[in-house]
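Asker: quick one, structure for this:
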Amino acid sequence: MRKKRSSRAESEEMAALARAVERSLAEGCAGLNHLSTPLGRANYQCKADIVSDLKLDGGRLLDWGCGYGQMSYLLRNRGFNVVSYTIESEYPSPWNSFLREHALDVVYGEDPVRLPFEDESFDVVLSCGVLEYVEDESGSLTEIRRILRPGGLFVVMMLPNEWSYAEFIARNIFKASAHDRLYSIKMMCLLLARFGFRAIRTWYSNTLPKNFTPLPERLRQLLGAHPRLWLGTEALLSRIPPVSWLSGVVEGAFVRLP
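Answerer: Down below sits the predicted model:
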């Protein structure tokens, strides 16, 4: 049974991440806007809680495309046996310092599709902001199915919503969207069904923005300083159609069929 964490423990958990991000930014690491405010970090804490609340009772979990390592760290704290996978360079850098400092179990790969793991060797695979970027979507999903045991879960998070108002603004006003592929919940379910996955739960997220990337840094920090109010409001909005339909991302948990 998962232990209930105190508010103090949660604060310590996020403080360690905040200190690491601050050091990495000071060392010139780019691409960490999503973790540079309390709101941004709390967003990932909420996502780790969602994975944990799927009643998986721990198990061996692959953080596919682990990035900076925040989800690996948070899920290990929630009782999972986490393997972090990345095709980034193994050479020590500010980008992988968090993975190294917290002694996470990291596997560094070279092939953008083929995964260096045995068949049916994981209970859970997490894709948090990864699937939408892979060049070979079909090949990658075939590999996910191969390494996941029958009955295991593929948890997909941060998949950009084709009806997102934020995506519309990014593409048409700021000309800054980084997503070549957009999805709806129906498209996500149909795609994964082709590879032998059945949806057990789907939901909308990021109804409110988190990173505030185009804004001045002082304003970004001000807006991101109070995550509880922001995330509480979002949790309400993400359950109210048609507002939820315009959320930034679609997410879901999918069981691997035999």
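Asker: quick one: the strands in the stretch 151-258 of the chain?
Answerer: 197-205, 249-256 (DSSP state E, counting those that start in this stretch).
Asker: need the ones you listed in a markdown table with mean neighbour count, mean pLDDT and distance to Y85, can you?
Answerer: C-betas here are computed from N, CA, C, even on glycine. Output for those, formatted as a markdown table (neighbours: other C-beta atoms under 10 Å; pLDDT from 0 to 100; distance: least, C-beta to C-beta, whole Å):
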| stretch | mean neighbour count | mean pLDDT | distance to Y85 |
| --- | --- | --- | --- |
| strand 197-205 | 17 | 97 | 19 |
| strand 249-256 | 22 | 98 | 17 |
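Asker: could the ones you listed be laid out in TSV, adding distance to A15?
Answerer: What follows is the strands of the stretch 151-258 of the chain, written out as TSV (distance: least, C-beta to C-beta, whole Å):
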stretch	distance to A15
strand 197-205	24
strand 249-256	26
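Asker: how about these, which one is nearest R114?
Answerer: strand 249-256 (18.3 Å; C-beta to C-beta).
Asker: V156 is nearest to which of the strands of the stretch 151-258 of the chain?
Answerer: Counting by C-beta to C-beta, V156 lies closest to strand 249-256 out of the strands of the stretch 151-258 of the chain; the figure is 5.4 Å.
Asker: so what are the sheet partners of the closest one and their directions?
Answerer: Here strand 249-256 has these sheet partners by DSSP bridges: strand 148-160 (antiparallel), strand 197-205 (antiparallel).
Asker: distance to M188 added to those, as TSV?
Answerer: Below are the strands paired with strand 249-256 laid out as TSV (distance: least, C-beta to C-beta, whole Å):
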stretch	distance to M188
strand 148-160	6
strand 197-205	7
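Asker: do you know the pLDDT at the residue nearest the centre of the chain?
Answerer: Among the residues of the chain, the one closest to the centroid is C128, at 2.6 Å (C-alpha atoms, centre = their mean). If you check C128, the pLDDT there is 98.
Asker: neighbours of the closest residue to it other than its chain neighbours, just the number please.
Answerer: Among residues not flanking C128 along the chain, M157 sits closest, at 4.4 Å (C-beta to C-beta, 6 or more residues apart in numbering). Applying other C-beta atoms under 10 Å, we find 24 residues neighbouring M157.
Asker: I'd say M157 and A48 touch.
Answerer: No - M157 lies out of contact with A48 (C-beta atoms under 8 Å); the separation is 10.0 Å.
Asker: list the contacts of A30.
Answerer: Contact partners of A30, counting by C-beta atoms under 8 Å, 6 or more residues apart in numbering, are absent.
Asker: ok, now how distant is it from P94?
Answerer: Distance of A30 to P94, given as C-beta to C-beta, to the nearest Å: 9 Å.
Asker: do the same with L126
Answerer: Applying C-beta to C-beta, the value for L126 to P94 is 23 Å.
Asker: looking at these two, which is more packed in?
Answerer: A side-by-side neighbour count of L126 and P94, using other C-beta under 10 Å, places L126 first with 25 against 18.
Asker: figure out which of the strands of the stretch 151-258 of the chain is closest to M71.
Answerer: Across the strands of the stretch 151-258 of the chain, closest to M71 is strand 249-256 (C-beta to C-beta), at 12.9 Å.
Asker: starting at the chain centroid, how far to the closest one?
Answerer: Here strand 249-256 is found 12 Å from its chain centre; the criterion is C-alpha atoms, centre = their mean, to the nearest Å.
Asker: and what of stretch 153-169?
Answerer: Worked out by C-alpha atoms, centre = their mean, stretch 153-169 lies 11 Å from the chain centre.
Asker: cool, and stretch 227-243?
Answerer: That offset, for stretch 227-243, works out to 18 Å (C-alpha atoms, centre = their mean).
Asker: which residues outside that stretch are in contact with it?
Answerer: For stretch 227-243, the external contacting residues (C-beta under 8 Å, 6+ apart) are 38-39, 41-43, 46, 203-208, 210, 224, 244, 247.
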